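> Quick one: sequence and predicted model below, then my questions.
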Amino acid sequence: MKTIHILIISGCLLLVFMTAGCTSSAGAPEDADRTLVEYHLSGGFMGANETVVVYANRTAVVSRHGEETLVPLDQTTVDNITGFITSEDYQSLGPEYHPAFQGYDLFSYQVTTAGKTVCAEDGAVPPALSGLIDELNGIATRAL
């Protein structure tokens, strides 16, 4: 009976140690106030698949190829993003923008802010979205 208890306790401890390594250290910062923007880029010749999540506490998490990178942001970058997403032009955007002619290797963009999601593809990105996409791509580049 004592052997069974030792095996059960040993198994539980082993399980705890094995699952401890399964957490990601670069995930959402624990002190993240709130999410400002979630951005997903996909497509292109090389098959891009990147996600950038920007938090109000001046941090971003860039996910690429199954790896996450925490990127610290300066206040100017956060202010620029906030300006884009609160502008009347951005708020008046529709949900989807597709080019008149479909092509291979086009990039697709998805931006979600406060419950509003806007999707666009190369050749049909409205001006009210292009500046925000440029800012978010800049953050993704910093994670390289």
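Everything's here; your move. Numbering: from 1, shown residues only.
> alpha carbons only for contacts and neighbour counts from here, please
Fine.
> Ser130: which element?
Per DSSP states H and E: Ser130 is located in helix 127-142.
> per-residue confidence for the most centrally placed residue in the chain?
Nearest to the mean C-alpha position of the chain, by CA atoms, centre = their mean, lies Val52 at 2.6 Å. Val52 is assigned 98 on the pLDDT scale.
> Show me what secondary structure element comes after the host helix or strand of Tyr109.
Assigned by DSSP H and E, Tyr109 belongs to strand 107-113. Past strand 107-113, further along toward the C-terminus, the next helix or strand under DSSP H and E is strand 116-121.
> Now the element after the worst-scoring helix or strand of the chain on mean pLDDT, going C-ward?
Lowest by mean pLDDT, DSSP states H and E among the helices and strands of the chain is helix 2-20, with a mean of 39. Sequence-wise, the next helix or strand downstream of helix 2-20 (DSSP H and E) is strand 35-43.
> Low-confidence stretches in this protein?
1-32 (pLDDT under 70).
> What is the neighbour count of Thr69?
20 (other CA atoms under 10 Å).
> If you could redo that for Asp74, that was the one I meant.
Neighbours around Asp74, by other CA under 10 Å: 11.
> Double-check it against Asn57; I have them as touching.
No - with contact taken as CA atoms under 8 Å, Asp74 and Asn57 are classed as non-touching, separated by 9.8 Å.
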